[in-house]
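Visitor: A structural model of the following input is requested.
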Amino acid sequence: MRELLRTNDPTVIAFSTALLRAEDIDCFVLDVHMSVLEGSIGLLPRRVMVAEPDLFRARAILRDNDVGEYLSE
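Guide: Sure, this is the predicted structure:
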């Protein structure tokens with residue numbers, strides 16, 4: 001699995017995962033339950049992970065839908 005994006009914005013996570021799943025790209029969101037440690041203030045970013053073979057296509061999909069600013073390098 002490779003990191004596709006990292007953000008604190010839950011709407012970006014939801015939109016990105018919906019776009020990827022619509023294109024049959026499996027994705028997994030990490031750090032979802034970190035709010036227990038941080039006190040629910042949204043300080044720690046969440047990461048969206050995809051399989052290595054899907055990374056190029058997933059990045060293209062997110063760029064085409066104006067989510068490119070959140071992509072990991």
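
Visitor: Would you mind measuring from Arg57 to Pro45?
Guide: Going from Arg57 to Pro45 by CB to CB, to the nearest Å gives 23 Å. The way it works is simple: take the backbone N, C-alpha and C, and place the C-beta from them, glycine included.

Visitor: how many other residues sit next to Val29?
Guide: Counted with other CB atoms under 10 Å, the neighbours of Val29 add up to 15.

Visitor: contacting residues for it?
Guide: Residues near Val29 by CB atoms under 8 Å, 6 or more residues apart in numbering: Ile13, Thr17, Arg46, Arg47, Val48, Met49.

Visitor: Please indicate which of those residues are buried?
Guide: Ile13, Thr17, Arg46, Arg47, Val48, Met49 (16 or more other CB atoms under 10 Å).

Visitor: so can I have TSV of those showing secondary structure and pLDDT?
Guide: Converted to TSV, the buried ones among the contacts of Val29 look like this (DSSP: H, G, I helix; E, B strand; the rest coil; pLDDT from 0 to 100):
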residue	secondary structure	pLDDT
Ile13	helix	95
Thr17	helix	97
Arg46	strand	90
Arg47	strand	94
Val48	strand	97
Met49	strand	97
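
Visitor: So which of those is the closest to Ser72?
Guide: Nearest to Ser72 among those is Arg47, at 7.8 Å by CB to CB.

Visitor: Do I have it right that that closest one meets Arg6?
Guide: Yes. Look at Arg47 against Arg6 with CB atoms under 8 Å: they come within range, at 4.9 Å.

Visitor: residues in contact with whichever strand or helix holds Leu20?
Guide: For Leu20, the host element (DSSP states H and E) is helix 10-22. If you take CB under 8 Å, 6+ apart as the criterion, helix 10-22 is touched by 4-5, 7, 26-27, 29, 42, 46, 48, 50, 58, 61-62, 65, 67, 70.

Visitor: Okay, and which of the residues you listed map to helices?
Guide: Ala58, Ile61, Leu62 (DSSP state H).

Visitor: For these, which single residue is the most surrounded?
Guide: Ranked by neighbour count (other CB under 10 Å), the ones in helices among the contacts of helix 10-22 have Ala58 at the top, with 25 neighbours.

Visitor: Spit out the contact partners of that residue.
Guide: Leu4, Leu20, Glu23, Ile25, Cys27, Val50.
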